[in-house]
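[1] Have a look; sequence and predicted model below, questions after that.
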Amino acid sequence: MPDPSPTKPIVWTIASSDSGGGAGIQADLHTFSALECHGCSVITAVTAQNSCQVIGYEAVSPALLCAQLNCLLEDMPPQAIKIGLIPEPELLQLLADWLRQHKAAYQFTVIADPVLSSSSGYDFISQSSLSIWRRQLMPLLDLITPNLPELALLSGLPQASEQQQADQLLAAGAKSVLIKGGHSDIRQFVCDTLRTAARPDIILSHNRLPTQNNHGTGCVLSSAIAASAAHNYTLIDSVIIARAYLQQALSLSYTTGKGAGCLQHNSWPENPLYFPHLSEPLQARQEAQAFAAMVSPIGLYPVVDSVQWLLSLLPCQPDVIQLRLKQGDAKDIEQQIKQAINLSRDYGLRLFINDHWELAIKHGAYGVHLGQEDLLQADLAAIASAGLRLGISTHSYTELLIARQLKPSYIALGHVFATQTKQMPSKPQGLTKLKRYAALCRDIPTVAIGGIGLQQIKDVAACGVDGIAVVSAITAQHKPQQAYNDLLQQWSSYHAYNS
Ligand SMILES: Cc1ncc(COP(=O)(O)OP(=O)(O)O)c(N)n1
Ligand SMILES: Cc1nc(C(=O)O)sc1CCOP(=O)(O)O
């Protein structure tokens, strides 16, 4: 019999105690808890500090560090580890050896915040520690999150560009580097850059908040990344969630003593205001023109692959349908699209055309549905100027933020469950993620898609989406019209219950 007790991802912080409570182990554990993880702490040192200064510290013995690591590993192995302040080279070396021994077997993600000095100026780094960071720890890190002074020091290239400095850390073995831009002199924004060898840089920018209460920001960011990674978000999604969590905590921050105040820990971020603007390097941060609105809710949204299917559903008087043609030559495709658009006019049906945006404009469809790759080819300005609605597919926070920035008419959240209809490059998102994505889209209509049938509607509706897009729940059924009516009835009752 399966154990019915609920569980949470386990995340460790390997860091030091901050007696002031705003940074270090204390901040990390608050963050893990707010982001729905169970936090374990491996303490490397106890610092004596308040909001103004660090007075001193005492490190734990190597034996005690080792005992904490091994005792936890035996019973509570981590999904992710956050590394913070390790003030002694012996402890750093021990940790590097321990990670090397266990990382492959336990498959945990390692995020390091290289705390080399306190913001009040207390130095924690020696030449031998620097050398261990560079040679021993770096190859074990999935992500390192230096601020600009830390990046310059760790890279050993103080005169080089930030990109060259980050490349030095990648060359030393780190899988990715998040360059934190908080120390830059850009006043209006804070721009953080995620750099990996595998793909172009991603820049996350936020409005700079006018607060002095920023003690522990690096600790909170790195522990929030570890917590999100432990929930199985991709690295870039983890950085996005963590940056939103940090912005929320900063915007609610408060004063403690006479120095820098603390961040307010809260809950999973949902307000789009806290989420970053994503861009490629040097791309201007510009406001997109909004696409025409949907006017009435989406509800049940059949996705069909021929005009035949559209004709066979017309007796059900559908309100919205998508024509998703994947076969046929150019002539056949145009002919089907034209016929479908004519039918949609005759029957007062809101018809979306998948992929073929030029034909949708030419023949005057109600809207166009595009995937993320299609967005790179399509002339979005032409679609918007022609007054067509735009729906965009998404499968992650990253894709969701990219879609939101384009101000579409709706956003599709997929694929929720396993689907036989299409080979998906990503994993099913599941209901928890669906709920979080929907929460971030309270200002834009959403539809859930992927593996949704009668049995799933209740749970999907409870996630707060505005509609469900279905293929096989209609087209693979013996009685498709009956299936349509059953789905509609089920959706209407559960959606009404949740609204
Ligand atoms: C409502 C809805 N959501 C997602 C998709 C998938 O569209 P896309 O990413 O363009 O992939 P293909 O449909 O082209 O395989 C959709 N069509 N509709
Ligand atoms: C076409 C499509 N797009 C998806 C996405 O997640 O973007 S899932 C999907 C197939 C949905 O079919 P069914 O309802 O039969 O599972």
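    Arrived safely. Ligands and ions are numbered 1, 2, ... in the order given.

[2] Grab the nearest non-local neighbour of the closest residue to ligand 1 within the chain.
    Closest to ligand 1 within the chain is G371: 2.5 Å, counting by C-beta to the nearest ligand atom. Bear in mind the C-beta positions are built from the backbone N, C-alpha and C, glycine included. Leaving aside its chain neighbours, G371 sits nearest to S393 (4.5 Å; criterion: C-beta to C-beta, 6 or more residues apart in numbering).

[3] How about S296?
    Excluding the flanking residues, the one nearest S296 by C-beta to C-beta, 6+ apart is D319, at 7.5 Å.

[4] just T193 next, same as before
    Per C-beta to C-beta, 6+ apart, closest to T193 is I179, 4.4 Å.

[5] Torsion angles phi and psi at the one you found?
    Dihedral angles of I179 (phi, psi; degrees, to the nearest 10) stand at phi -80, psi 110.

[6] Please list the residues of the protein that sit near ligand 2.
    393, 395, 414-415, 419, 421-422, 449-452, 470-473 (C-beta under 6 Å from any ligand atom).

[7] about what we covered before: tell me the predicted confidence for the residue nearest to T193.
    Per-residue pLDDT puts I179 at 98.

[8] who touches it in this structure?
    Shown in contact with I179 (C-beta atoms under 8 Å, 6 or more residues apart in numbering): 146, 148, 151, 162, 166, 192-193, 195.

[9] Give me the distance between it and ligand 2.
    With distances taken as C-beta to the nearest ligand atom, to the nearest Å, I179 is found 32 Å from ligand 2.

[10] Tell me, how many residues neighbour G218?
    Using other C-beta atoms under 10 Å, G218 has 24 neighbouring residues.

[11] now P297
    13.

[12] The closest residue in space to it that isn't next to it in sequence - how many residues pack around it?
    Using C-beta to C-beta, 6+ apart and skipping the chain neighbours, the partner closest in space to P297 is D466 (5.4 Å). Neighbour count for D466, taken as other C-beta under 10 Å: 21.

[13] I figured D466 hits Y410, correct?
    Yes - between D466 and Y410 there is a contact under C-beta atoms under 8 Å: 7.5 Å.

[14] any common contacting residues for these two?
    The contact lists of D466 and Y410 share 298, 445-447, where a contact means C-beta under 8 Å, 6+ apart.

[15] Out of these, the closest to A48 would be?
    Of all those, T446 has the smallest distance to A48: 49.9 Å, by C-beta to C-beta.

[16] May I have the phi/psi pair for the residue nearest to that closest one when sequence neighbours are not counted?
    Spatial nearest neighbour of T446, excluding adjacent residues (C-beta to C-beta, 6+ apart): V465 at 4.6 Å. Per-residue torsions, V465: phi -80, psi 160 (degrees, to the nearest 10).

[17] I'd like to know how far V465 sits from ligand 2.
    In this view, V465 and ligand 2 are 13 Å apart by C-beta to the nearest ligand atom.

[18] residues contacting that residue?
    Taking C-beta under 8 Å, 6+ apart, we find V465 in contact with 413, 434, 438, 446-448.

[19] go with 7 Å
    413, 438, 446-448 (C-beta atoms under 7 Å, 6 or more residues apart in numbering).

[20] same check, this time on S19
    Listed by C-beta under 7 Å, 6+ apart, the contact partners of S19 are 47-49.

[21] again, but for G216
    22-23, 27, 262-263.

[22] So which of those residues are in helices?
    Here DSSP state H is the test, and the contacts of G216 give A27 as lying in helices.

[23] Could you check how far W268 is from A438?
    Distance, W268 to A438, by C-beta to C-beta, to the nearest Å: 12 Å.

[24] before we move on, what about N147?
    Noted for N147: a distance of 34 Å to A438, by C-beta to C-beta.

[25] and those two? which has more neighbours close in?
    N147 (23 against 20).

[26] So that one is in contact with V177, correct?
    No - proximity of N147 to V177 does not meet the contact threshold set by C-beta atoms under 7 Å, at 11.6 Å.

[27] Quick check: which element contains T421?
    Per DSSP states H and E: T421 is located in neither a helix nor a strand.

[28] how about L323, what does it touch?
    Taking C-beta under 7 Å, 6+ apart, we find L323 in contact with 304, 310, 337, 340, 351, 353-354.

[29] Out of these, name the ones that lie in helices.
    310, 337, 340.

[30] Dump the residues you listed to TSV, plus neighbour count and pLDDT.
    Converted to TSV, these look like this (neighbours: other C-beta atoms under 10 Å; pLDDT from 0 to 100):
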residue	neighbour count	pLDDT
L310	23	98
I337	21	98
A340	24	98
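
[31] Tell me the one of these nearest ligand 2?
    Of all the ones in helices among the contacts of L323, L310 has the smallest distance to ligand 2: 16.0 Å, by C-beta to the nearest ligand atom.

[32] Can you pull the phi/psi pair for the residue in the chain positioned nearest to ligand 2?
    Closest approach between the chain and ligand 2, counting by C-beta to the nearest ligand atom: G414, at 2.2 Å. Dihedral angles of G414 (phi, psi; degrees, to the nearest 10) stand at phi -140, psi -180.

[33] My understanding was that it contacts T446; is that so?
    No - using C-beta under 7 Å, G414 is not in contact with T446; the gap is 10.6 Å.

[34] did I read that right, A45 in a helix?
    No - in this structure, A45 is strand, not part of a helix, as judged by DSSP: H, G, I helix; E, B strand; the rest coil.

[35] Dig out what it forms beta bridges with.
    Beta-bridge pairing for A45 (DSSP bridges): A59.

[36] which residue sits farthest out from the middle of this structure?
    D346 (42.2 Å; C-alpha atoms, centre = their mean).
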